[in-house]
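Q: Sharing a model that was predicted from the sequence below.
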Amino acid sequence: MNAQSQAAAAVIAACPHCHTLVRVPQERLQEHPRCPRCKAQILTGEPVALDAVSFAAHVERATLPVLVDFWAPWCGPCRMMAPILDRAAAERTTGLRVAKLNTDEQPQLAGRFGIRSIPTLILFRDGRELARQSGALDGTTLARWLDHALG
């Protein structure tokens, strides 16, 4: 395999702890890769809380698809979605990063993406928005939506 096809067969994921970008060969995603900087596990199967700095690393610069939940702690439907998103993060550990962005703490990012209602889910790949869904979803509907959006 030449260097170009090796690079294509790798995923760039941001560490959920120090937000360092890490290149992981596709065939090693199941091996619980660790961050070379902080030694933490990169693919934890848990949602990652985002702020302005970590958003750039996880969404704009990483190649691993990211599902961002724009939410607020006072929002009932957002709280109902939390266990569904936790389950999606655990089930799709090597193929999708689930992240949460508190719109009360990050109003500039919410404004940048035109968030008008919460919860709003936006699926990103390579820094680009692939799909958007406003309102709470059950687990089955979320899985179908993700499968369709990711192709």
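A: Yep, that arrived.
Q: tell me the contacts of F124?
A: F124 makes contacts with V59, P65, V66, L67, V68, L130, as judged by C-beta atoms under 8 Å, 6 or more residues apart in numbering. All C-beta atoms are positioned from the backbone trio N, CA, C, and that covers glycine.
Q: Pull up the pairing partners for the helix or strand where it lies, direction included.
A: F124 belongs to strand 120-125 when elements are defined using DSSP states H and E. Applying DSSP bridges to the sheet, strand 120-125 is found paired with strand 66-71 (antiparallel), strand 128-134 (antiparallel).
Q: hang on, the earlier thing: what is the nearest of the contacts of F124 to C78?
A: Within those, the smallest distance to C78 is 12.8 Å, found for V68 (C-beta to C-beta).
Q: could you list every residue that touches L130?
A: P65, L123, F124, A149, L150.
Q: Can you list the residue ranges for helices in the protein?
A: Counting by DSSP state H, the segments of the chain that form helices are 3-8, 52-55, 76-91, 107-112, 139-150.
Q: thinking C15 is in contact with V22, fair?
A: Yes: C15 is within contact range of V22, at 6.1 Å (criterion: C-beta atoms under 8 Å).
Q: neighbour-wise, which of the two wins?
A: Taking other C-beta atoms under 10 Å, C15 and V22 do not tie; C15 has more neighbours (26 against 20).
Q: and the more buried one, how far is that from A40?
A: 6 Å (C-beta to C-beta, to the nearest Å).
Q: Then G127?
A: Between G127 and A40 the computed distance is 23 Å (C-beta to C-beta).
Q: try L130
A: Taken as C-beta to C-beta, the span from L130 to A40 is 27 Å.
Q: Okay, now the unreliable bits of this structure?
A: Where the chain drops to pLDDT under 70, the residues are 1-8.
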